[in-house]
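**Q** pasting the sequence and the predicted coordinates here, then a few questions.
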Amino acid sequence: MQQAVVFITLTLIVFLFIWDKIRYDFVALAALFTIVIAGIIPVNTAFNGFSNPAVVTVVAVMIISKGMQYCGLLDALSRHLNWFGKKPTSLIFPLSVFTALASSFMNNVSIVIPVSIKLAKKRHHSPSLILMPLAFATLLGGMTTLVGSSPNIIVSSVRAETINEPFRMFDFLPIGIILSILGILYTSLIGWRFLPKRESPISMQDTLEIEDYYTEVQVSEESKLVGLSLKQLVDSESYEIDLVGVVRNGNYLNALNLNVTIQSEDVLMIKADSKHLQSFVDVSGTKILVESDTHTKPVINKDNTLIEVVVMKESPLVGKSVAQMRLLEDYGIDLLAKTGGRKAKTKRLSYQVIKMGDVLLIQGNANRIAGEITNLGCLALTEREQKIGDERKISVYLMIVIAGIASVILRLLPVHIAFPLSALLLVLSGVIPYREVYKAVDWSVIVMLGAMIPFGRAMIISGGADTISNALLYLGQYSAQWLLVGLLLLLTMLLTNLVNNATTSIVMAPIAIELARSLGTSPDLYLMTVAVGACSVFLSPIGHQANTLVMGPGGYRFGDYWRVGLGLQIIVLVSAIPLLLYYWG
């Protein structure tokens with residue numbers, strides 16, 4: 001009975017993660033309460049997952065990662081990324097190497113998005129050719145160290161619980177570095193060629209052409225559109241826009257009735273890229289409407305800065321409609337336009353819901369907007385002044401982080417003590433501002449980890465892990481060990497592309513342990529297999545935030561990921577099996 005509850009709950013978790021209508025941390029909490037109420041996990045141990053060393057380590061890594069940005073080290077490094085050639089390959093390769101190296105200790109592609117778009121723009125390339133390879137480089141780089149990814153930290157924690165010794169900092173390096181080299185060579189030389197080539201970015205008051213925007217324009221009395229029918233507007237070669245709808249006196253008119261005559265004060269709901277949007281406004285004599293808290297008002301304020309931002313995972317805007325965001329009242333920012341999916345075109349801009357990865361075109365006071373973008377949990381995509389690195393803070397940051405890593409390598413301190421201590425020292429030394437410490441942590445991920453770790457134990461207690469491991473043994477009983485490793489790796493890869501990669505490692509690590517027990521061997525080979533598989537999120541934007549984050553700026557669709565990622569997935573699968581057997585078999 002308990003095993004049935006675990007498998008049914010696991011199935012629902014996978015379904016809800018793919019459905020993506022309920023936040024994954026709430027899904028994880030629901031799963032935790034289910035196994036507790038079912039009596040699989042004792043009530044008094046329900047929240048023990050939050051005290052797990054893996055959770056503490058992930059929190060510390062997030063804070064340390066932010067420190068690299070606050071001290072200006074990232075900007076100082078990125079300013080030197082300007083020496084390579086003009087071809088996409090000569091741009092993707094060095095950026096991928098830099099991203100992979102940075103992701104060894106800070107697994108987030110957001111650090112290189114602005115500089116990557118800037119460099120692509122200067123070389124007249126579309127960001128769509130650059131950003132997905134960088135997201136994959138983030139995942140590959142995360143394979144190389146203990147703290148490079150959540151799956152590595154989790155399997156190390158499981159190993160510590162099983163044989164009382166975690167993996168060391170660079171136990172992941174021999175396999176991770178080879179897979180990273182192969183993966184970066186593939187995406188740099190071959191993979192990017194399968195990406196859709198969008199038009200090169202063209203400025204609209206220093207904005208980027210990322211994807212078509214949904215926005216609203218008001219027809220003035222002097223507009224050339226007054227008196228034209230909607231059919232004439234749609235058929236005109238002068239205006240390269242898609243007409244979504246018309247609002248007159250606050251009432252929505254059916255845009256398909258092309259015989260309607262355009263009147264002054266009409267609001268046109270349109271979809272266009274930045275180049276054609278600006279051209280339409282200039283030629284037609286219309287005015288872009290600015291969305292405020294409760295109403296719309298015309299015209300861009302020329303005294304303000306116009307900037308393009310991508311909505312990050314932790315943004316307080318996620319899940320809110322434009323009308324609910326209170327941007328003007330709370331942040332002094334006006335929204336001009338946003339990217340949107342197919343469903344968006346049936347709604348006015350005010351009622352469209354913001355999602356992670358959406359790109360917003362906003363304006364605000366030049367002296368204030370940079371800070372407010374951070375408060376909104378967004379990432380600026382258009383060019384803005386880089387943070388000047390503070391040499392003292394950079395030196396302090398490097399000394400503290402290197403000391404923390406050294407203490408782990410020399411086994412003076414375990415990683416769940418060394419890294420939190422390093423994070424504390426970064427705050428006390430002033431490298432990370434006090435007020436920014438908790439903002440550096442993605443608490444939804446922490447809640448998900450803390451709630452799912454007991455679920456991993458439930459897999460063992462209920463016998464679910466043993467059932468799956470026996471199935472793998474049955475499939476591989478007449479074959480060599482490489483087939484068993486391959487089956488475990490393939491199963492992990494398939495799951496990690498459907499759900500969060502941390503969740504995948506929590507679910508699969510107990511199966512690896514039971515598999516090793518059934519064979520009477522060390523669990524290291526199978527735990528490492530799970531770690532590699534869980535980091536191999538190359539087929540969808542779902543399993544890791546790096547993939548999701550580049551979706552909006554790159555203008556990607558779901559199918560674009562497997563077009564590039566399938567080859568990379570096969571390379572990792574084929575290469576990892578002999579590497580795992582050689583180093584850990």
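**A** Looks like it arrived, so ask away.
**Q** now the strand or helix carrying residue 55: how far from the chain's centre is it?
**A** Under DSSP states H and E, the secondary-structure element containing residue 55 is helix 53-70. Relative to the centre of its chain, helix 53-70 is centred 16 Å away, using C-alpha atoms, centre = their mean, to the nearest Å.
**Q** so where's the stretch 51-200 of the chain shaky on pLDDT?
**A** 74-85, 107-111, 114, 197-200 (pLDDT under 70).
**Q** the same query, at a cut-off of 90, please.
**A** Scanning the stretch 51-200 of the chain for pLDDT under 90 picks out 62, 64-91, 94-95, 98-99, 102-130, 195-200.
**Q** what helices or strands is the helix holding residue 55 leaning on?
**A** Other helices and strands packing on helix 53-70, by 3 or more C-beta pairs under 8 Å, 6 or more residues apart in numbering; DSSP states H and E, are helix 150-163, helix 391-409, helix 415-428, helix 443-461. Using the backbone N, CA and C atoms, a C-beta is placed for each residue, glycine as well.
**Q** would you turn those helices into TSV with distance to residue 22?
**A** Listed next are the helices and strands packed on helix 53-70 as TSV, based on distance: least, C-beta to C-beta, whole Å:
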stretch	distance to residue 22
helix 150-163	20
helix 391-409	36
helix 415-428	30
helix 443-461	12
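**Q** go through those helices and name the closest to residue 172.
**A** helix 150-163 (5.6 Å; C-beta to C-beta).
**Q** show residues contacting that closest one.
**A** Residues outside helix 150-163 that contact it (C-beta atoms under 8 Å, 6 or more residues apart in numbering): 52-54, 57-58, 61, 107, 142-143, 145-147, 165-167, 172, 415, 445, 449, 453, 456, 501-502, 504-506, 509-510, 512-513, 522-524, 527-528, 530-531, 534-535.
**Q** so which of the residues you listed belong to helices?
**A** 53-54, 57-58, 61, 142, 415, 445, 449, 453, 456, 501-502, 504-506, 509-510, 512-513, 524, 527-528, 530-531, 534-535 (DSSP state H).
**Q** quick check: the gap between the residue lying closest to residue 513 once chain neighbours are set aside and residue 531.
**A** In space, and not counting its chain neighbours, residue 513 is closest to residue 523: 5.2 Å by C-beta to C-beta, 6 or more residues apart in numbering. Distance, residue 523 to residue 531, using C-beta to C-beta, to the nearest Å: 12 Å.
**Q** more neighbours: these two, which one.
**A** residue 531 (32 against 22; other C-beta atoms under 10 Å).
**Q** thought the more buried one was touching residue 505?
**A** Yes - with contact taken as C-beta atoms under 8 Å, residue 531 and residue 505 are classed as touching, separated by 6.8 Å.
**Q** which among the contacts of helix 150-163 end up buried?
**A** 52-54, 57-58, 61, 107, 142-143, 145-147, 166-167, 172, 415, 445, 449, 453, 456, 501-502, 504-506, 509-510, 512-513, 523-524, 527-528, 530-531, 534-535 (16 or more other C-beta atoms under 10 Å).
**Q** list the buried residues in the host helix or strand of residue 562.
**A** In this assignment (DSSP H and E), residue 562 forms part of helix 558-584. If you call a residue buried by 16+ other C-beta under 10 Å, then helix 558-584 has these buried ones: 560-561, 563-565, 567-569, 571-573, 575-577, 579-581, 584.
**Q** quick check: angle from it to helix 524-535?
**A** Taking axes from the mean of the first three to the mean of the last three C-alpha atoms, to 10 degrees, one finds helix 558-584 and helix 524-535 inclined to each other by 160 degrees.
**Q** mean confidence score for helix 558-584?
**A** What helix 558-584 shows for mean pLDDT is 94.
**Q** show me what that helix is packed up against.
**A** So helix 558-584, by 3+ C-beta pairs under 8 Å, 6+ apart, packs with helix 131-142, helix 173-189, helix 481-496, helix 524-535.
**Q** where does the residue nearest to residue 513 fall, phi/psi-wise?
**A** When read as degrees, to the nearest 10, the backbone of residue 523 gives phi -80, psi -10.
**Q** ok, residue 165 to residue 126 distance?
**A** 48 Å.
**Q** can you count the residues close to residue 395?
**A** 13.
**Q** who touches it in this structure?
**A** Residue 395 touches nothing, counting by C-beta under 8 Å, 6+ apart.
**Q** hmm, try it at 10 Å
**A** 71, 73, 431 (C-beta atoms under 10 Å, 6 or more residues apart in numbering).
**Q** common neighbours of residue 531 and residue 505, please.
**A** Common neighbours of residue 531 and residue 505 (C-beta under 10 Å, 6+ apart) are 149, 151-155, 492, 512.
**Q** confirm that residue 100 sits in a helix.
**A** Yes - according to DSSP: H, G, I helix; E, B strand; the rest coil, residue 100 belongs to a helix.
**Q** the closest residue to it other than its chain neighbours and residue 179, how far apart?
**A** Spatially, and ignoring its direct neighbours in sequence, residue 100 is nearest to residue 141 (3.2 Å; C-beta to C-beta, 6+ apart). Taking C-beta to C-beta as the measure, residue 141 falls 10 Å from residue 179.
**Q** any shared contact partners between residue 523 and residue 531?
**A** Contacts common to residue 523 and residue 531, judged by C-beta under 10 Å, 6+ apart, are 155, 509, 512.
**Q** what about the residue lying closest to the second one once chain neighbours are set aside, how many residues nearby?
**A** So that's residue 509. The shortest distance from residue 509 to any non-neighbouring residue, by C-beta to C-beta, 6+ apart, is to residue 158 (4.3 Å). Applying other C-beta under 10 Å, we find 27 other residues in the vicinity of residue 158.
**Q** report the separation between residue 158 and residue 414.
**A** 15 Å.
**Q** so which of the helices and strands packed on helix 558-584 comes closest to residue 410?
**A** helix 173-189 (16.2 Å).
**Q** next SSE after that closest one?
**A** That would be, after helix 173-189 and using DSSP H and E, strand 213-219.
**Q** can you show me the CA trace of that next one as PDB?
**A** In PDB, the C-alpha atoms belonging to strand 213-219 read as follows (Å, rounded to 0.1, in the frame of the first residue of the first chain):
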ATOM      1  CA  TYR A 213       5.900  42.500 -28.500                       C
ATOM      2  CA  TYR A 214       2.300  42.900 -27.500                       C
ATOM      3  CA  THR A 215       1.500  46.600 -26.900                       C
ATOM      4  CA  GLU A 216      -1.300  49.100 -27.400                       C
ATOM      5  CA  VAL A 217      -1.200  52.400 -29.300                       C
ATOM      6  CA  GLN A 218      -3.700  55.200 -29.300                       C
ATOM      7  CA  VAL A 219      -4.900  56.900 -32.500                       C
END
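**Q** following element in sequence after that strand, please.
**A** Next along from strand 213-219, by DSSP H and E: helix 230-235.
**Q** that concludes my questions; thank you for your assistance.
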